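# Sequence first, then the predicted structure, then my questions.
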Amino acid sequence: MSSRVFDHPGLEVDGDQLATALQRGTVVLVDVRETYEWDAGRIDGAVHLPLGELGARAGELDRDATIVVNCRVGGRSGIAAQALRDAGFDAWSLRGGLLDWDREGRPLVPEGGTVADH
């Protein structure tokens, strides 16, 4: 992807921005939560890459793609997005994480999916 999907200062994008980018197919969504959290519920189309594995597995990500990272509330995804930026990726964090996404009435998969507690 040659042009930037998001063009604003800061590290975070909101749910509306992510939903639009996912609809357009212009981002790769990376979920950095633990496996039990992922299994409970996630955003459709996300790639599971737990934060503890990010350093070892970052090479699996497309360096030309815009990446949005999500976690439960935005802390882990902020750390991951900054680390990816430091490694040369166009990376962003979902503001408010999956909790805000769910509170805004956006869908989770599988059907009946929930946001797991830590």
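Right, received. Where do you want to start?
# Could you pull up the contacting residues of the residue nearest in space to the middle of the chain?
Closest to where the C-alpha atoms of the chain average out (Cα atoms, centre = their mean) is residue 69, at 2.4 Å. Applying Cβ atoms under 8 Å, 6 or more residues apart in numbering, we find residue 69 in contact with 29-32, 77-78, 80-81, 84, 91-94. For every residue, glycine as well, the C-beta is placed using N, CA and C.
# filter those to the buried ones?
In the contacts of residue 69, burial by neighbour count holds for 29-32, 77-78, 80-81, 84, 91-94, counting by 16 or more other Cβ atoms under 10 Å.
# how about the residues you listed, which pair is most distant?
Maximum pairwise distance among these (Cβ to Cβ): 15.1 Å, between 29 and 78.
# Okay, helices next: where are they in the chain?
15-24, 35-40, 54-57, 75-86, 97-103 (DSSP state H).
# now for those helices, which one comes closest to residue 110?
Nearest of these (Cβ to Cβ): helix 35-40, 8.9 Å.
# Give the buried residues for that closest one.
37-38, 40.
# Low-confidence stretches in the chain?
When residues are selected by pLDDT under 70, those of the chain lie in 1-4, 7-8.
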